[in-house]
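Peer 1: generate a structure from the sequence data that follows.
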Amino acid sequence: MPFTADVIATTLHAPLANVEKHWPLVVEALSALKILDLTTEVAAIATIGAESYLFAPEREQGSDAYFRRMYEFKRALGNTEPGDGAKYCGRGFIPVLGKAEYARFGKLVGVDLVEDPDRALEPALAARILAYDFMLKEVPKAAAEGEWVKVHRLVRSDLSGWKRFNGILIPLLRLLPEQG
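Peer 2: Numbering: from 1, shown residues only. Alright, predicted model coming up:
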């Protein structure tokens, strides 16, 4: 197992206590969906590290005005009511964003995230959401093929945060056993 809590915390410059607490939950969630392998672990670590310097589920930062401007009445996100922008802002290891995603992931994890979106910040639920997102977007396949730009695009839908993701990715890939 090359990805111990110490290795992850050192690579990400993240608090060791957070990695020790949250990494086993991520591994368990990936394993439960039968998508746990070394390259998927790399994808998960790099993705979480690119999203959070703390290696913890986080709530997107911003004012109500920011959330109104960015997300209010965005039908593509499922936000159709006043207040939906702030209520369904990004939360988790990978940000669940918009009422539609809260509904979809809530069904998958068996929790009403539309009614209580802050539950997406619970570490075990955030890990399960990440695992479902990876499975549904076929991240493990792209990771196994070494298609790291594709992995990042599948999760983010664009290349924002690529520099940090790639900066985490490179040292992690060096830890993988040689193929051949």
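Peer 1: tally of neighbours for the residue lying closest to Y88 once chain neighbours are set aside?
Peer 2: In this structure, Y88 finds its nearest non-sequential neighbour in K99, 4.7 Å apart by CB to CB, 6 or more residues apart in numbering. Just so you know, the C-beta spots here come from the backbone N, C-alpha and C atoms, and that holds for glycine as well. As a burial measure, K99 scores 22 neighbours (other CB atoms under 10 Å).
Peer 1: so how many other residues sit close to D84?
Peer 2: Count around D84 with other CB under 10 Å applied: 21.
Peer 1: what's the longest helix belonging to the chain in contact with?
Peer 2: In terms of residue count, the longest helix belonging to the chain (DSSP state H) is helix 16-32. Outside helix 16-32, the residues within contact range by CB atoms under 8 Å, 6 or more residues apart in numbering are 3, 5-6, 8-9, 12, 36, 40-41, 44, 48, 54-57, 93, 123-124, 126-128, 130-131, 134.
Peer 1: among those residues, name the ones in helices.
Peer 2: Reading helices off the contacts of helix 16-32 with DSSP H, I get 5-6, 8-9, 12, 40-41, 44, 48, 123-124, 126-128, 130-131, 134.
Peer 1: can you select the buried ones from the contacts of helix 16-32 in ChimeraX?
Peer 2: To isolate the buried members of the contacts of helix 16-32 in ChimeraX, using 16 or more other CB atoms under 10 Å:
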select :3,5,8,9,12,36,40,41,44,48,55,56,57,93,123,126,127,128,130,131,134
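Peer 1: quick one: the longest helix of the chain to helix 5-12, angle?
Peer 2: Computed by axes from the mean of the first three to the mean of the last three CA atoms, to 10 degrees, the angle separating helix 16-32 from helix 5-12 equals 110 degrees.
Peer 1: list the buried ones in helix 16-32?
Peer 2: N18, V19, H22, W23, L25, V26, V27, A29, L30.
Peer 1: check stretch 166-180 too.
Peer 2: Quick answer for stretch 166-180 (16+ other CB under 10 Å): I168, L169, L172.
Peer 1: just stretch 34-52 next, same as before
Peer 2: Of the residues in stretch 34-52, 35-36, 38-52 count as buried by neighbour count, 16+ other CB under 10 Å.
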